[in-house]
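A.B. asks: Need a 3D model of the sequence below.
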Amino acid sequence: MSRVQISVCIIAKNEEKYIEECLKRLQPYGFEIIVTDTGSTDRTKEIASKYADKVLDFEWIDDFSAARNFCAEHASNNWILALDCDEYVNSIDVKVLRILMQKFPRYTGVIRLKNLAVRKDGKMGYGVDDVTRLYNRNYYKFVAAIHEQVTIIDEQKREETMQCFLIPAEIVHHGYALTPEEMQAKQERNLRMLYKQIEAGVDDPYIYFQAGQSELILEKYECAIDLFEKALSMSPSIERLYVQMLVMSLAKAYVMLGRENIALEVMEKYSFGCKTAKYMYTYANVLYDAKQPIKALLFYVKATMAKDVSTLGEELERCYQHIIELYTKMGNLEMAHIFKGKYEACLREKERVVNS
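C.D. replies: Model (predicted):
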């Protein structure tokens, strides 16, 4: 197979558990593969050398963006696909991807990443996030020491909305399939790095958002609310997907503290600019908790009809459960039966993803 003009850039540290499977799945596509090691003490580099075109060393300086940009600087191609060791490629339509890159040379590429996770009942489930991972290094680079993001190099243009296309691929992230103890350690590490930036005077709503996300996962709801409210006080654009996630997370935190009315006010305030499936599903959940079942049903159904419904991941299953429940309570068994079929198809898809 001829080489595809993409360099896959991966940073790694003590990833012998995942890296071989990650690299093996990449090999059939003809990408250049570059692995940058940030201080492994296990077999990560040894395994990487079996598959990668280049294995580099980078002294860790508590900065994920610095490591990713270093890796990209050593690529042979301008188009960079940034992956992690625990992200496995199930499929990529290389032909379609080439066409998109040629048609939109200054766009970025977004992965609809499927994140496996252990639920509270101990069973495996998955969520979905759209993450920017493909970019031309002439126009873009990574910024932020943690929760790094692809950003326009030209600082005068950074407030502009980045144009993007959806990468025709299925990629599954295994790194969130953690025990509760492992997840707590991961979030505490993230918080140490995030609070370090806040204490250093980094006045960025994204940093406050990510700190709030970690506190939310650790069930420190009051702390999470303070951080989310601080981020919103900086008036970030609602057009940015993370800001919509910020609003949803704030509403969830209020619900967890039994403040459903405040959560509803938050969702209603920003609903004018939020038409994603996740936003409508979250809005429906808040309405459901606020004892507004008919309006909740409307938004659950709207979520299933959204163009980006696939971003709901396993939450689509729960969305259908609520729809079936509410239609049944209303006595509309015909509609409940229709959505039962959709629910069963959703269960089959979850089993496929979890076992992929």
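A.B. asks: Dump the C-alpha coordinates for stretch 266-273 into CSV.
C.D. replies: Included here for stretch 266-273 are C-alpha records, laid out as CSV according to Å, rounded to 0.1, in the frame of the first residue of the first chain:
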residue,chain,number,x,y,z
VAL,A,266,-29.2,27.2,33.4
MET,A,267,-30.4,24.9,30.6
GLU,A,268,-33.1,27.3,29.4
LYS,A,269,-30.7,30.3,29.5
TYR,A,270,-28.4,28.8,26.9
SER,A,271,-30.8,26.7,24.9
PHE,A,272,-31.0,29.3,22.1
GLY,A,273,-27.5,28.4,20.9
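A.B. asks: Now for the closest residue to residue 56 other than its chain neighbours: which residues touch it?
C.D. replies: Closest residue to residue 56 in three dimensions, ignoring its sequence neighbours and counting by C-beta to C-beta, 6 or more residues apart in numbering: residue 36, at 4.6 Å. Quick note: C-beta positions are derived from backbone N, CA and C, even for glycine. Each residue near residue 36 by C-beta atoms under 8 Å, 6 or more residues apart in numbering is listed here: 9-12, 55-58, 67-68, 70-71, 74.
A.B. asks: how about the residues you listed in TSV, adding secondary structure, pLDDT and distance to residue 137?
C.D. replies: Supplementary listing: those in TSV, determined by DSSP: H, G, I helix; E, B strand; the rest coil; pLDDT from 0 to 100; distance: C-beta to C-beta, whole Å:
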residue	secondary structure	pLDDT	distance to residue 137
9	strand	98	9
10	strand	98	15
11	strand	98	15
12	strand	98	20
55	strand	98	19
56	strand	98	15
57	strand	98	20
58	coil	98	16
67	helix	98	15
68	helix	98	10
70	helix	98	12
71	helix	98	10
74	coil	98	11
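A.B. asks: Confirm that residue 232 sits in a strand.
C.D. replies: No. Note on residue 232: no strand contains this position according to DSSP: H, G, I helix; E, B strand; the rest coil, which reports helix.
A.B. asks: Give me the contact list for the helix or strand of the chain with the lowest mean pLDDT.
C.D. replies: Among the helical and strand segments of the chain, the one scoring lowest on mean pLDDT, DSSP states H and E is helix 180-199, with a mean of 92. The list of residues contacting helix 180-199 from outside it, by C-beta under 8 Å, 6+ apart, reads 62, 145-147, 176, 178, 204, 207-208, 210-211, 214-215, 217-218.
A.B. asks: Can you say which of the residues you listed are buried?
C.D. replies: Using 16 or more other C-beta atoms under 10 Å as the burial test, these include 145-147, 178, 207-208, 210-211, 214-215, 217 as buried.
A.B. asks: ok, residue 161 - how many residues close by?
C.D. replies: 8 (other C-beta atoms under 10 Å).
A.B. asks: Enumerate every residue touching it.
C.D. replies: Each residue near residue 161 by C-beta under 8 Å, 6+ apart is listed here: 237, 239-240.
A.B. asks: Out of the residues you listed, the closest to residue 263 would be?
C.D. replies: Ranked by distance to residue 263 (C-beta to C-beta), these are led by residue 240 at 21.0 Å.
A.B. asks: Just the pLDDT for the residue lying closest to the closest one once chain neighbours are set aside.
C.D. replies: Counting by C-beta to C-beta, 6+ apart, the nearest residue to residue 240 once its immediate chain neighbours are dropped is residue 161, at 7.8 Å. Residue-level confidence at residue 161 comes out at 80, pLDDT.
A.B. asks: do the same with residue 1
C.D. replies: At residue 1, the predicted lDDT confidence score is 48.
A.B. asks: if you go through the stretch 201-350 of the chain in chain order, where are the helices?
C.D. replies: Secondary structure of the stretch 201-350 of the chain by DSSP state H, counting those that start in this stretch: the helices cover 205-217, 221-233, 241-256, 260-270, 277-289, 293-305, 315-330, 333-354.
A.B. asks: any chance of the ones you listed in a markdown table, with distance to residue 25 and mean pLDDT too?
C.D. replies: Formatted as a markdown table, these follow (distance: least, C-beta to C-beta, whole Å; pLDDT from 0 to 100):
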| stretch | distance to residue 25 | mean pLDDT |
| --- | --- | --- |
| helix 205-217 | 28 | 96 |
| helix 221-233 | 36 | 97 |
| helix 241-256 | 27 | 95 |
| helix 260-270 | 39 | 95 |
| helix 277-289 | 28 | 96 |
| helix 293-305 | 31 | 97 |
| helix 315-330 | 26 | 97 |
| helix 333-354 | 15 | 95 |
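A.B. asks: Out of these, the one nearest residue 101 is which?
C.D. replies: helix 241-256 (21.9 Å).
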